[in-house]
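Enquirer: Any chance you can model this:
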Amino acid sequence: MESLKIEKTKTTPRIDFDAKFHTLSMSGDVYPENADKFFNPIFDWLQKYLPGLHHKCIVSFHLQYFNTAASGKISYFLELLEKAYKKGKDISIHWYYEPDSDEMEDVAEEFREGITIPFQIIEKKL
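Expert: Sure, this is the predicted structure:
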């Protein structure tokens, strides 16, 4: 399966989903003008990737800001991962936040509450 790479813009994060090494990373700000248009190709890729996953997969979030529409899409992204995890896929989530960003740490805590996937919240080192 091909990896999925989308370059970061002012309003969208860098997406680096490496199918060979089973690392999925989303980093930057997330407030696209059209959340569906941005996230639908990501969801399509994920729905093709997860059924064939037979290795440990690390999903990393390095987000500084996202709006309400993006929050809903991130929740759906986590739901897709949760379904795969419950079917026996070996998935872990690493949510990184800046030391001065209590808000992102709190948001990560809220996302973690809704799922059973191993979910680490990690303060970035300066």
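
Enquirer: How about the contacts made by the residue lying closest to Y97 once chain neighbours are set aside?
Expert: Leaving out its chain neighbours, the residue that sits closest to Y97 by Cβ to Cβ, 6 or more residues apart in numbering is M104, at 4.0 Å. Heads up, the C-betas are built off the backbone N, CA and C, glycines and all. Shown in contact with M104 (Cβ atoms under 8 Å, 6 or more residues apart in numbering): 63-64, 97-98.

Enquirer: could you flag which of those residues are buried?
Expert: Neighbour counting with 16 or more other Cβ atoms under 10 Å marks 63, 97 as buried within those.

Enquirer: between the contacts of M104, which is closest to L46?
Expert: Nearest to L46 out of the contacts of M104 is L63 (Cβ to Cβ; 17.0 Å).

Enquirer: for the longest strand that the chain contains, packing partners?
Expert: If you go by DSSP state E, the chain has its longest strand at strand 57-66. Counting contacts by 3 or more Cβ pairs under 8 Å, 6 or more residues apart in numbering; DSSP states H and E, strand 57-66 is packed against strand 23-30, helix 68-86, strand 91-97, helix 102-113.

Enquirer: how about those in TSV, adding mean pLDDT and distance to I58?
Expert: TSV is the format used below for those (pLDDT from 0 to 100; distance: least, Cβ to Cβ, whole Å):
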stretch	mean pLDDT	distance to I58
strand 23-30	97	5
helix 68-86	97	11
strand 91-97	97	5
helix 102-113	93	15
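
Enquirer: Tell me which of the ones you listed sits nearest to L126.
Expert: Closest of the helices and strands packed on strand 57-66 to L126 is strand 91-97, at 12.3 Å (criterion: Cβ to Cβ).

Enquirer: Just the CA trace of that closest one, in PDB.
Expert: The C-alpha trace of strand 91-97 is given here as PDB (Å, rounded to 0.1, in the frame of the first residue of the first chain):
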ATOM      1  CA  ILE A  91      -2.300   0.600  17.700                       C
ATOM      2  CA  SER A  92      -0.900   3.200  20.100                       C
ATOM      3  CA  ILE A  93      -1.500   6.900  20.100                       C
ATOM      4  CA  HIS A  94       1.100   9.500  21.200                       C
ATOM      5  CA  TRP A  95      -0.300  13.000  21.600                       C
ATOM      6  CA  TYR A  96       2.500  15.600  21.900                       C
ATOM      7  CA  TYR A  97       1.900  19.100  23.400                       C
END
